[in-house]
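Chemist: sequence and predicted model, in that order:
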Number of protein chains: 2
Amino acid sequence: MCELLAMSANVPTDIRFSFSALVQRGGATGVHTDGWGITFYEQKGCRSLHDPNPSAHSELAKFLKAYPIKSRLVIAHVRKANRGRVALENTHPFIREMWGQYWSFAHNGQLKGIKKRPLVHYQPVGSTDSEHAFCWLLDQIRIACPKRPSDARLKRIVAEAYGSLRELGVFNALLGDGHALYASCSTKLCYIRRAAPFGRASLIDEDMEVDFAKETTPDDKVIIVASTPLTRDETWTVVPPGSTIVFRDGERVD
Amino acid sequence: MCELLAMSANVPTDIRFSFSALVQRGGATGVHTDGWGITFYEQKGCRSLHDPNPSAHSELAKFLKAYPIKSRLVIAHVRKANRGRVALENTHPFIREMWGQYWSFAHNGQLKGIKKRPLVHYQPVGSTDSEHAFCWLLDQIRIACPKRPSDARLKRIVAEAYGSLRELGVFNALLGDGHALYASCSTKLCYIRRAAPFGRASLIDEDMEVDFAKETTPDDKVIIVASTPLTRDETWTVVPPGSTIVFRDGERVD
């Protein structure tokens, strides 16, 4: 299995505190040693960094922990391989372009029979279930909507495709288009919303504490989504299995 | 205008020596201060790193100069914006997937009227001429070949599309599919082939020398492509304007 992390915020926000916890789960406090990756959206562009090495011992992860990239939408993943060998092409998040936007996707779980579903516009480069599911998902959206539809229609299409994928097995997943974050919970996913008045929090996986009041302005809103809670002194909302939820600008909007 | 750099090699090779020269041209020895990017292919996967900041002062570029990523195919670019504002989404190389392979593209020049050419499968995310040209180029290949054709047929299709793009203005460009490197010279492009017996070389843009004999084995073959020569003590081959050339595994193969 793998671990997921995402952030949706209304202002460019530094994710290094949460990322530090995820990184620990890739070989230090967790067994997800088969590579990791992170996508930061910055306006219309995105940076996607991947490494087939364990994140806890990755030079690139160490660099990112020291280098603040501020973003309003981030998706990250540490991998424990089950389908698809340990290789750069099998590290999440996967990226494709649709309607002139970059779409980014990370998945935790296994999907029985996913590779039998035919693909049209998008093909996987690696050999994971997850990338095939991502290509199939984008195909469903693109076939239904050659151009970007309303947000409400898009949410319905994603929710329907997510429901279909959850029928194949475990599908805890995160999909981003630069604006919204579409999350699927099949077995485990939780989130926390941080807004004024901001408090302190300390990580479970590492001896690190932050006072968000010092890092934020009163108007900031930030949602952090993760496979399991990352902090010990905050109350995380557990997403009910079988649900699709949508975040945008640091708010839940579904 | 911009500066291009690429490498084709028959074994995973460290490009940091050449990259160090390119980086200097982004704000130190050159005026290409509007962002930079680099794509490293590693087997089927690729890492693509971008930064809208000048490469000569970029923390990410500094990290890459210290962190050896070995690759058989690399494409890099430092940008001097003419069309499209300074932004992450406008930094090259651009990436798209076709036939289950990642395609990477960087361009130097301006193309009059390119945005009037209609697009089918691929859409630009940013606002550059270059990304529109890349999308149009992949469209031409994909429309002609729904599946990957023979290398010879693919080369003919790329050469024909490159010829059509050169008619619109300046089109010095590099396209990679993880195996081959397709180069277009419209006004300036050169390359050097390094093989045994390896010698020494020193950069023009930085006080840096390398003894390739110490870094290689006798079977290694490496081609470096650049807008202008990067070293002072080697003989670079100037690519004739109006030509398309193809490299693979450290050899010219067209």
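Modeler: Okay, I see it.

Chemist: which parts of chain A sit against chain B?
Modeler: Contacts of chain A with chain B, taken as CB under 8 Å from any CB of the partner chain, map to A:42-50, A:52, A:59-60, A:63, A:67, A:87-91, A:95-102, A:121-126. In this view, the C-beta of every residue, glycine as well, is placed from N, C-alpha and C.

Chemist: what sits closest to whichever residue of the stretch 101-250 of chain A sits closest to chain B if chain neighbours are left out?
Modeler: Closest approach between the stretch 101-250 of chain A and chain B, counting by CB to the nearest CB: A:Q123, at 3.8 Å. What sits nearest to A:Q123 in space, not counting adjacent residues and going by CB to CB, 6 or more residues apart in numbering or on different chains, is B:G100, at 3.8 Å.

Chemist: contacting residues around the one you found?
Modeler: Neighbouring residues of B:G100 by CB atoms under 8 Å, 6 or more residues apart in numbering or on different chains: A:123-125.

Chemist: of these - the most surrounded one?
Modeler: A:P124 (23 neighbours; other CB atoms under 10 Å in any protein chain shown).

Chemist: where along the stretch 51-200 of chain A do the helices fall?
Modeler: A:59-66, A:129-144, A:151-166 (DSSP state H, counting those that start in this stretch).

Chemist: most tightly packed of these?
Modeler: helix A:129-144 (a mean of 22; mean count of other CB atoms under 10 Å in any protein chain shown).

Chemist: gap between the closest residue to A:P229 other than its chain neighbours and B:I204?
Modeler: Nearest residue to A:P229, sequence neighbours excluded (CB to CB, 6+ apart): A:W236, at 4.2 Å. According to CB to CB, to the nearest Å, A:W236 and B:I204 sit 55 Å apart.

Chemist: same deal with A:Q43?
Modeler: Counting by CB to CB, the gap from A:Q43 to B:I204 is 35 Å.

Chemist: and the residue nearest in space to the middle of chain A, what does it touch?
Modeler: Nearest to the mean C-alpha position of chain A, by CA atoms, centre = their mean, lies A:I75 at 3.4 Å. By CB under 8 Å, 6+ apart, the residues touching A:I75 are A:4-6, A:38-39, A:93, A:104-106, A:174, A:176, A:181.

Chemist: any idea which of these has the most stuff around it?
Modeler: Per-residue neighbour counts (other CB under 10 Å) across those peak at A:I38, which has 31 neighbours.

Chemist: my guess is that residue contacts A:V74, does it?
Modeler: Yes - shown here, A:I38 and A:V74 form a contact pair, counting by CB atoms under 8 Å, at 6.6 Å.

Chemist: contacts only, for the residue of the stretch 101-250 of chain A closest to chain B.
Modeler: Counting by CB under 8 Å, 6+ apart, A:Q123 touches A:135, B:97-100.

Chemist: repeat for A:V238
Modeler: A:V238 neighbours (CB under 8 Å, 6+ apart): A:189-190.

Chemist: go again with 7 Å.
Modeler: A:C190 (CB atoms under 7 Å, 6 or more residues apart in numbering or on different chains).

Chemist: give me the pLDDT value at it.
Modeler: pLDDT recorded at A:V238 is 97.

Chemist: cool, and A:S186?
Modeler: A:S186 is given a pLDDT of 97.

Chemist: so what does the closest residue to A:A180 other than its chain neighbours have for phi and psi?
Modeler: Nearest residue to A:A180 in three dimensions, chain neighbours excluded: A:R248, at 4.6 Å (CB to CB, 6+ apart). Reported as degrees, to the nearest 10, the phi and psi values for A:R248 are phi -160, psi 130.

Chemist: surely A:R248 touches A:S8?
Modeler: Yes - A:R248 lies in contact with A:S8 (CB atoms under 7 Å); the separation is 6.3 Å.

Chemist: which one's more surrounded, these two?
Modeler: A:S8 (30 against 18).

Chemist: ok, now how distant is the more buried one from chain B?
Modeler: A:S8 sits at a distance of 18 Å from chain B (criterion: CB to the nearest CB, to the nearest Å).

Chemist: give the other helices and strands that the helix or strand hosting that residue contacts.
Modeler: Applying DSSP states H and E as the criterion places A:S8 in strand A:3-14. The elements that strand A:3-14 packs onto, with contact taken as 3 or more CB pairs under 7 Å, 6 or more residues apart in numbering or on different chains; DSSP states H and E, are helix A:16-25, strand A:70-78, strand A:101-108, strand A:172-176, strand A:221-226.

Chemist: ok, residues contacting it?
Modeler: A:15, A:18-19, A:22, A:25, A:30, A:32, A:68, A:70-78, A:106, A:108, A:172, A:174, A:181, A:220-227, A:247-250.

Chemist: any of those residues buried? List them.
Modeler: A:15, A:18-19, A:22, A:25, A:30, A:32, A:71-78, A:106, A:108, A:172, A:174, A:181, A:220-227, A:247-250 (16 or more other CB atoms under 10 Å in any protein chain shown).

Chemist: hang on, the earlier thing: alpha carbons only: can I get the strand holding A:S8 in PDB?
Modeler: Taking Å, rounded to 0.1, in the frame of the first residue of the first chain, the C-alpha atoms of strand A:3-14 are listed here in PDB:
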ATOM      1  CA  GLU A   3       0.500   6.900   1.600                       C
ATOM      2  CA  LEU A   4      -1.200   9.900   0.100                       C
ATOM      3  CA  LEU A   5      -0.800  13.600   0.900                       C
ATOM      4  CA  ALA A   6      -2.500  16.700  -0.600                       C
ATOM      5  CA  MET A   7      -3.100  20.300   0.100                       C
ATOM      6  CA  SER A   8      -5.700  22.800  -1.100                       C
ATOM      7  CA  ALA A   9      -5.200  26.400   0.000                       C
ATOM      8  CA  ASN A  10      -6.600  29.900  -0.900                       C
ATOM      9  CA  VAL A  11      -3.100  31.400  -0.900                       C
ATOM     10  CA  PRO A  12       0.300  30.000  -2.000                       C
ATOM     11  CA  THR A  13       1.200  27.900   1.100                       C
ATOM     12  CA  ASP A  14       4.400  26.100   2.100                       C
END
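
Chemist: chain center to that strand, what's the gap?
Modeler: From the chain centre to the centre of strand A:3-14 is a distance of 9 Å (CA atoms, centre = their mean, to the nearest Å).

Chemist: stretch A:39-49 too?
Modeler: 13 Å.

Chemist: with just CA atoms, put that stretch into PDB.
Modeler: C-alpha atoms of stretch A:39-49 as PDB (Å, rounded to 0.1, in the frame of the first residue of the first chain):
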ATOM      1  CA  THR A  39       3.300  17.800  -7.700                       C
ATOM      2  CA  PHE A  40       3.200  21.500  -6.900                       C
ATOM      3  CA  TYR A  41       0.800  23.600  -9.000                       C
ATOM      4  CA  GLU A  42       1.900  27.200  -9.500                       C
ATOM      5  CA  GLN A  43      -0.700  29.200 -11.400                       C
ATOM      6  CA  LYS A  44      -1.300  27.300 -14.700                       C
ATOM      7  CA  GLY A  45       2.000  25.400 -14.500                       C
ATOM      8  CA  CYS A  46       3.100  22.600 -12.200                       C
ATOM      9  CA  ARG A  47       6.400  21.100 -11.000                       C
ATOM     10  CA  SER A  48       6.400  17.300 -10.600                       C
ATOM     11  CA  LEU A  49       9.300  15.800  -8.800                       C
END
